[in-house]
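Peer 1: Just need the structure, nothing else, for what follows:
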Amino acid sequence: MMTLTQSFPDLRFAGAADRFLAECDPKGFNKQMRSRRISWVKIVPLLVSDAGLGIGEDGNFFIYVDDTLGPKEQALELGHEIAHTFHHNMTKTPPQNFLEEALKDEVERFCDAFASIWVQRMGTEALASRFENEADLIFSQGIMQEQ
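Peer 2: Residues are numbered from 1 along each chain as shown. As a prediction, the model looks like this:
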């Protein structure tokens, strides 16, 4: 299986994503979110997209996922939005986007590839169950407390 670095040689952040995926532990969901500075994920009605990534007042990311998607699709959308954090400089608060406009389409393909790998490594059914059982919020107390 090709790595993201091999599949997307023009994306300098693909190596960081490969390392993240190599260290994926299905039991460490909160730790993964914390490592990508994602403070929370909410399931809400969205009108213009299936998911979205934003930066909160605290300088960390948050993710919205559309409530009309099925649990497996929600898991893939979450993975896609996690992938978008890799084209940000995480040493800055708030993280600063260093994506070149010319690479935008390639980044979207990268995010889809990352999401597929991440969902598979985390366990599609386990992630889907997380969405089914916690439809309003993925983590009601935020991600700062490891379960």
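Peer 1: where do the helices sit along the chain?
Peer 2: Counting by DSSP state H, the chain has helices at residues 4-7, 14-22, 29-35, 71-84, 104-122, 124-133.
Peer 1: Now those in TSV, please, with extra columns for mean pLDDT.
Peer 2: Shown next, in TSV, are those (pLDDT from 0 to 100):
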stretch	mean pLDDT
helix 4-7	97
helix 14-22	97
helix 29-35	88
helix 71-84	95
helix 104-122	96
helix 124-133	79
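Peer 1: Out of those, which is the most enclosed?
Peer 2: Of all those, helix 71-84 has the most neighbours on average by mean count of other Cβ atoms under 10 Å, namely a mean of 22. To be clear about C-beta, it is placed using only N, CA and C from the backbone, and glycine gets the same treatment.
Peer 1: how many other residues sit next to the closest residue in space to Gly52 that isn't next to it in sequence?
Peer 2: The shortest distance from Gly52 to any non-neighbouring residue, by Cβ to Cβ, 6 or more residues apart in numbering, is to Tyr64 (4.9 Å). Tyr64: 20 surrounding residues under other Cβ atoms under 10 Å.
Peer 1: Who are the contact partners of Tyr64?
Peer 2: Contact analysis of Tyr64 by Cβ atoms under 8 Å, 6 or more residues apart in numbering lists Val41, Lys42, Ile43, Val44, Leu46, Ala51, Gly52, Gly54.
Peer 1: right, so of the helices of the chain, which gets closest to Asp58?
Peer 2: helix 29-35 (13.0 Å; Cβ to Cβ).
Peer 1: Can I get the closest one in CSV, CA atoms only?
Peer 2: Presented in CSV, the C-alpha positions along helix 29-35 are these (Å, rounded to 0.1, in the frame of the first residue of the first chain):
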residue,chain,number,x,y,z
PHE,A,29,-9.6,8.9,19.8
ASN,A,30,-9.4,11.8,22.2
LYS,A,31,-5.6,11.7,22.1
GLN,A,32,-5.7,12.0,18.3
MET,A,33,-8.0,14.9,18.4
ARG,A,34,-5.9,16.7,21.0
SER,A,35,-2.7,16.1,18.9
